[in-house]
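[1] Give me a model of this one.
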Amino acid sequence: MKFVGNTMDATEPKRAEEDVRRSEAFLAEGERLSQTGTWGLNVASGDVLWSQEHFCIFDVDPRETKPSLQLFWQMVHPEDRVRLQQLLEEAVQERKDFASDFRIILSNGTTRHVHGAGHAVVDSSGSLDFIGTTMDITERKQAEEHLRESELRFRTLADTAPVMIWMTGADKLCCFLNKPWLDFTGRSMEQELGTGWTEGVHPEDLQRIFDVYLPAFEARRPFSMEYRLKRANGEYRWIMESGVARYTPQGAFSGYIGSCIDITERKRSEDELRRSEVALQNAYDEIKILKDQLYRENLALREEIDQASMFEEIVGTSSALQRVLCRVARVAPTDSTVLITGETGTGKELVARAIHKHSQRAERAFVSVNCAATPSSLIASELFGHEKGAFTGAAQRRLGRFELAEGGTLFLDEVGELPAETQLALLRVLQEREFERVGGNQSISADVRVIAATNQDLQKAIVAGTFRMDLFYRLNVFPIEVPSLRERSDDIPMLVAYFIARYAGKTGKRIRSIEKATLELFQSYRWPGNIRELQNVVERSVILCDQDTLSVDESWLLRQSMPHPISPEPLTESLLNQEREMIERALVECKGRVAGPRGAATRLGIPQSTLANKIKTLRINKNRFKPC
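    You can find the predicted model right below:
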C-alpha cells in the first residue's frame with residue numbers, strides 16, 4: 001500500500017474490492033450456466049450458507065427462507081434420507097470428503113435428482129467445516145433411464161423374434177446377436193462378437209459372404225445371400241441372410257442390421273428337383289414355382305422384421321425411410337410433442353400410430369382428428385367438448401377428443417387448418433395441460449400426448465399471419481419429415497408386392513408376378529399422390545387382373561410434371577420484430593435466465609441451444625434483463 005505524505009492512497013483497496021465483486025459475479029454466472037450451487041456448513045454451530053444458484057436448485061426464495069440443516073433434510077427424499085445422513089455422519093467422524101447422488105422434493109411436489117459433494121476443512125483450532133457443491137442432474141438421470149428402457153425393449157424384442165437377428169457397427173464388426181442365433185450355434189455372445197461368428201461358416205462359403213457383404217457395406221445398400229452355418233450339433237444348415245444399413249437420428253451411418261432364416265429344407269427340395277427325371281417343361285414350371293415361393297418368403301421375412309420392429313404397415317428398407325423410423329424409435333418412448341410434415345399421401349398418420357404403439361401410452365387410446373375436415377365453427381367443440389346449451393343444437397354435454405384421449409395420444413392431422421381462436425386454445429393445453437369445454441368455466445386437466453401433422457409450410461403460414469408462432473414452437477419440439485415416394489423409389493417393388501398381397505387376398509385372386517414393364521413404369525413415375533396414389537393404382541389393377549401376372553395401363557398414371565419445391569423465403573422484418581418481442585418478454589419474466597426449469601427456453605417451449613442462437617442472431621442483450 002502506497003502513502004503520499006501523511007495520506008494513504010485509497011485506489012488500491014477500491015481496486016481490490018472491484019476485483020472481488022467481479023470474481024463473485026463470474027462465480028455466480030458460472031454456477032448458473034452449469035446449474036451447480038455451492039454451500040457451506042459449520043459442524044460445531046450448525047450454520048449453513050447457500051449460494052444463489054443453490055437456492056434456485058432447491059426452488060427456495062432466499063428473501064423468505066433462511067438455509068438450515070433442518071430445511072435441507074426436510075427436502076431430501078425420504079428413501080434417500082437415512083443413507084445420506086449416515087454418509088454425512090461418517091464424513092464428520094472421520095473428517096473426510098464425501099459425495100453422493102440423491103433426490104430432493106420441491107415445494108410443488110416435483111422430484112429432482114442432484115449430485116452433492118463436500119470437502120472437509122479443519123482450521124488450526126481443530127474446528128471442522130464443510131464446503132461443497134450441489135449439481136442438478138435430473139435431465140441426465142432421465143436420459144440414462146430412457147436409454148436403459150430402449151435397450152431393454154430392443155433386446156427383448158430381438159430375443160423373442162422368430163428369426164435370427166444380427167447387428168454390426170460402422171467398423172464392419174458384429175456387435176449384437178439375438179438369442180435365436182446363439183441357440184442355433186450353441187456359442188456364447190463373447191465367442192460370436194467381432195469376427196467370431198465366421199468360425200461357424202462353412203469354409204467354402206466364407207469368401208462368397210465377404211464378396212457380397214463388403215461391397216454392399218461400402219455402398220450402404222441392402223443385400224441378401226445364402227450360405228451354410230454350423231449348428232450346435234455340428235450339422236451345417238443353409239440359411240438366407242438379408243441386411244440393411246442403419247442410421248442415427250442425425251443421419252449418420254452406424255452399421256448394418258439384418259436377419260437370417262433356416263432354408264435347408266428348401267435347398268434340399270431344389271437339389272431333389274435338379275436330380276429328378278421329369279420332363280423339361282415340368283422342371284421349368286417347378287423351378288418357377290420355387291422362385292415365386294422364394295420371392296414370397298423374402299417378402300414375408302421383411303414383413304416379419306417390420307412387425308418385430310413394431311412398424312407393421314410402414315413398408316420399405318430405403319435409407320430415407322430408415323432415418324424416419326430411427327427418429328420414431330427415439331422419440332416414441334418419450335412424451336414429447338411431435339410435428340410430422342410431408343406431402344399428402346406419404347403416410348403421416350401411419351408414422352403417428354407407430355409412435356403411439358411404441359410409446360408408454362400404447363395401451364391407451366389413439367384418437368385422430370382431421371382439422372381440415374371439421375368446420376371451423378365446430379372444431380373447438382370437437383377438440384374440447386361442450387356443455388349443454390353452449391350453442392344452438394347443444395342439447396346435452398359432449399366430451400371432446402382431448403377427454404377421449406386421456407392418458408393416450410391425440411393426433412391432429414392438417415393442424416395448419418386450425419382457426420386462430422382454436423390455435424390459442426390448443427396453445428393453452430400444450431402450455432398449462434388444461435382446458436375448458438365450450439360454454440363451460442371449469443378447468444379440466446389433460447394428460448394427453450399431442451402429435452400433429454401437416455402438408456403445409458407452417459413458416460410461410462406464420463409470415464402470412466394464419467398460424468401462431470408460439471404454437472409452432474410448442475408443436476415443433478421433435479420434427480419428423482416423411483419422405484415422398486420419389487425420395488424412396490427403392491421401396492416401390494416392396495410396396496407393390498405388399499399391396500398386391502393385401503388386395504389379392506381380399507378378392508380371392510392368385511397373382512404370382514408383376515409385368516417387368518409395369519414395374520419399370522412404377523419406378524419412373526413421379527407419384528404426385530405418393531403412396532396413397534400407388535395403393536389406389538394397385539388395387540384397381542388387382543380388381544381388373546384376370547391372370548397370374550399383374551400389369552397396369554399406362555394411361556392410369558397422370559403425366560403432369562411435379563412442381564419444383566420453392567425455397568423458403570427469408571423472415572420479414574415484422575416477423576423478426578414479433579419474434580424479438582416474444583423472446584425479450586420471456587427474458588423479462590425469467591430475469592434474464594435462459595436455461596434450466598425456470599429459464600426462458602422452458603417458458604417458450606424450445607431447446608436451450610435454439611434460443612441461444614436466436615438471441616445471438618437477433619442481437620439481444622440478455623444481461624440487461626437480469627436483476628441488479
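[2] same for the helix or strand harbouring residue 214, what does it pack against?
    Taking DSSP states H and E as the criterion, residue 214 maps to helix 206-219. For helix 206-219, the packing partners by 3 or more Cβ pairs under 8 Å, 6 or more residues apart in numbering; DSSP states H and E come out as strand 223-230. From N, CA and C alone the C-beta is placed, and that goes for glycine too.
[3] hmm, back to that, which positions within the helix holding residue 214 qualify as buried?
    209, 212-213, 216-217 (16 or more other Cβ atoms under 10 Å).
[4] and if you look at stretch 536-549?
    537-539, 541-542, 545.
[5] Also stretch 585-592?
    Buried-residue list, stretch 585-592, by 16+ other Cβ under 10 Å: 586-587, 590, 592.
[6] Among the residues you listed, give me the pair with the biggest separation.
    Greatest spacing in those, by Cβ to Cβ: 586 and 592 (10.2 Å).
[7] Tell me, how many residues neighbour residue 247?
    18 (other Cβ atoms under 10 Å).
[8] With just CA atoms, put stretch 226-243 into PDB.
    Extracted C-alpha coordinates of stretch 226-243, given in PDB (Å, rounded to 0.1, in the frame of the first residue of the first chain):
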ATOM      1  CA  GLU A 226     -27.300 -67.700 -48.800                       C
ATOM      2  CA  TYR A 227     -24.600 -69.700 -47.000                       C
ATOM      3  CA  ARG A 228     -24.100 -72.700 -44.700                       C
ATOM      4  CA  LEU A 229     -23.800 -72.200 -40.900                       C
ATOM      5  CA  LYS A 230     -22.800 -74.900 -38.300                       C
ATOM      6  CA  ARG A 231     -25.400 -75.700 -35.700                       C
ATOM      7  CA  ALA A 232     -24.700 -76.600 -32.100                       C
ATOM      8  CA  ASN A 233     -24.800 -80.400 -33.000                       C
ATOM      9  CA  GLY A 234     -22.100 -79.900 -35.700                       C
ATOM     10  CA  GLU A 235     -24.500 -80.000 -38.700                       C
ATOM     11  CA  TYR A 236     -24.200 -77.400 -41.400                       C
ATOM     12  CA  ARG A 237     -27.500 -75.800 -42.300                       C
ATOM     13  CA  TRP A 238     -28.300 -73.500 -45.200                       C
ATOM     14  CA  ILE A 239     -29.500 -70.000 -44.100                       C
ATOM     15  CA  MET A 240     -30.700 -67.000 -46.100                       C
ATOM     16  CA  GLU A 241     -29.500 -63.700 -44.700                       C
ATOM     17  CA  SER A 242     -30.700 -60.100 -45.500                       C
ATOM     18  CA  GLY A 243     -29.300 -56.800 -44.200                       C
END
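[9] other SSEs contacting the strand or helix carrying residue 130?
    Using DSSP H and E, residue 130 falls within strand 128-136. Contacts defined by 3+ Cβ pairs under 8 Å, 6+ apart place strand 128-136 against strand 36-42, helix 52-57, strand 111-122.
[10] Run me through the strand neighbours of that strand, direction for each.
    Strand pairing for strand 128-136, determined by DSSP bridges: strand 36-42 (antiparallel), strand 111-122 (antiparallel).
[11] picking that back up, ok and the helix holding residue 214 relative to strand 223-230, angle-wise?
    150 degrees (axes from the mean of the first three to the mean of the last three Cα atoms, to 10 degrees).
[12] Tell me who's in contact with residue 104.
    Shown in contact with residue 104 (Cβ atoms under 8 Å, 6 or more residues apart in numbering): 58, 75-77, 111-112, 114.
[13] if we can go back for a sec, mind putting the buried residues of helix 206-219 in TSV, distance to residue 258 and pLDDT included?
    Shown next, in TSV, are those (distance: Cβ to Cβ, whole Å; pLDDT from 0 to 100):
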residue	distance to residue 258	pLDDT
209	12	91
212	12	92
213	10	91
216	10	92
217	11	92
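[14] Go through those residues and say which is closest to residue 168.
    So of the buried residues of helix 206-219, ranked by how close each gets to residue 168 (Cβ to Cβ), first place is residue 217, at 8.1 Å.
[15] separation between the residue lying closest to residue 42 once chain neighbours are set aside and residue 583?
    Nearest non-adjacent residue to residue 42, counting by Cβ to Cβ, 6 or more residues apart in numbering: residue 129, 5.4 Å away. From residue 129 across to residue 583, the span is 43 Å (Cβ to Cβ, to the nearest Å).
[16] what's the answer for residue 479, then?
    If you go by Cβ to Cβ, the gap between residue 479 and residue 583 works out to 20 Å.
[17] Between these two, which is the more surrounded one?
    residue 583 (21 against 12).
[18] and residue 165, what pLDDT?
    Here, the pLDDT recorded for residue 165 equals 88.
[19] ok, it - contacts?
    158, 176-178, 180-181, 257-260, 308.
[20] repeat for residue 370
    If you count contacts by Cβ under 8 Å, 6+ apart, then residue 370 has 413-414 around it.
[21] Quick check: phi and psi at it.
    The phi/psi pair for residue 370 (degrees, to the nearest 10) reads phi -90, psi 100.
[22] next one: residue 442
    Dihedral angles (degrees, to the nearest 10) for residue 442: phi -110, psi 130.
[23] Could you give the number of residues near it?
    Neighbour tally, residue 442, other Cβ under 10 Å: 8.
[24] before we move on, back to that, make a markdown table from the contacts of residue 165 and add distance to residue 609 to it.
    Formatted as a markdown table, the contacts of residue 165 follow (distance: Cβ to Cβ, whole Å):
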| residue | distance to residue 609 |
| --- | --- |
| 158 | 34 |
| 176 | 32 |
| 177 | 37 |
| 178 | 37 |
| 180 | 42 |
| 181 | 41 |
| 257 | 30 |
| 258 | 35 |
| 259 | 38 |
| 260 | 42 |
| 308 | 35 |
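[25] now the residues you listed as CSV including secondary structure?
    Output for the contacts of residue 165, formatted as CSV (DSSP: H, G, I helix; E, B strand; the rest coil):
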residue, secondary structure
158, helix
176, strand
177, strand
178, coil
180, helix
181, helix
257, strand
258, strand
259, strand
260, strand
308, helix
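[26] Tell me how far residue 349 lies from residue 515.
    31 Å.
[27] for the stretch 151-300 of the chain, which spans come out with low pLDDT?
    151, 154, 158, 277-280, 282-284, 286, 288-300 (pLDDT under 70).
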